[in-house]
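Asker: got a sequence here, can you build the structure:
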Amino acid sequence: MRELLIGSGKNTGKKLFKVGYESWDCLTTLDLDADANPDVIHDLNVFPYPFAHETFDEIHAYNVLEHQGSLGDFRFFFDQWNEFGRITKPGGAFFGIVPHSGSVWLWGDPGHTRTITPEMLSFLNHDSYGEGKTQSDYYKSLVKYQWQFGWHNAKRKGEGWREQMGDGRWEMEDGGQTLWKADMLTC
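Answerer: Alright, predicted model coming up:
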């Protein structure tokens, strides 16, 4: 299995995983900072990403997505997720950790340029349109790769869980982060 860890810095531990896949199998790291010694140096704000179509079984993004793009830039949001879809194999998965919307660190970190909420992620699945889960169909044509968000037997190493949210979010005991897994539905 090939995995991509984006924006990892020097921390390359596998924080989220499918049960039975607790360790990296064939990891590629990507970071903007050359001092982090990543396998690939690349700015995630620049498309396309330097990988072939359908390269990875899993993509992992731990506390990095909030550093790209800007709040309200819907084109960047959909372009980035379409790029993740392009480099993910059919049936692949995306694991993410972002600051929780109630965390003081969401906007307390001067490098954070946007928030990623479960409501935003619902726009990446065509089934969400027209069911009252999204407010309009305006963005539907921008979705090239569909994702299904949820938890699906994933685990986190270390800290316990305080609460499972009904919309697929899990909160860490400190209440500071939202964790999720997405399965690619279509290519």
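
Asker: helix or strand right after the longest helix seen in the chain?
Answerer: As assigned by DSSP state H, the longest helix anywhere in the chain is helix 74-87. For helix 74-87, the following helix or strand on the C-terminal side (DSSP states H and E) is strand 88-99.

Asker: for that following strand, what is the average pLDDT?
Answerer: Confidence over strand 88-99 (mean pLDDT, whole number) is 89.

Asker: against which helices or strands is it packed?
Answerer: Packed against strand 88-99 by the contact rule (3 or more Cβ pairs under 8 Å, 6 or more residues apart in numbering; DSSP states H and E) you find strand 16-18, strand 56-62, strand 177-186. (Each C-beta comes from the backbone N, C-alpha and C, glycine too.)

Asker: and it, how far out from the chain middle?
Answerer: 5 Å (Cα atoms, centre = their mean, to the nearest Å).

Asker: can you check stretch 81-90 too?
Answerer: The gap between where stretch 81-90 is centred and where its chain is centred comes out at 11 Å by Cα atoms, centre = their mean.

Asker: helices along this structure, start to end?
Answerer: Under the criterion DSSP H, helices of the chain are mapped to 74-87, 105-108, 118-121.

Asker: got the CA positions of the last one in PDB?
Answerer: Listed next in PDB are the C-alpha coordinates belonging to helix 118-121 (Å, rounded to 0.1, in the frame of the first residue of the first chain):
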ATOM      1  CA  PRO A 118     -17.800  18.900   8.200                       C
ATOM      2  CA  GLU A 119     -20.400  21.100   6.500                       C
ATOM      3  CA  MET A 120     -17.800  22.200   4.000                       C
ATOM      4  CA  LEU A 121     -16.800  18.600   3.300                       C
END
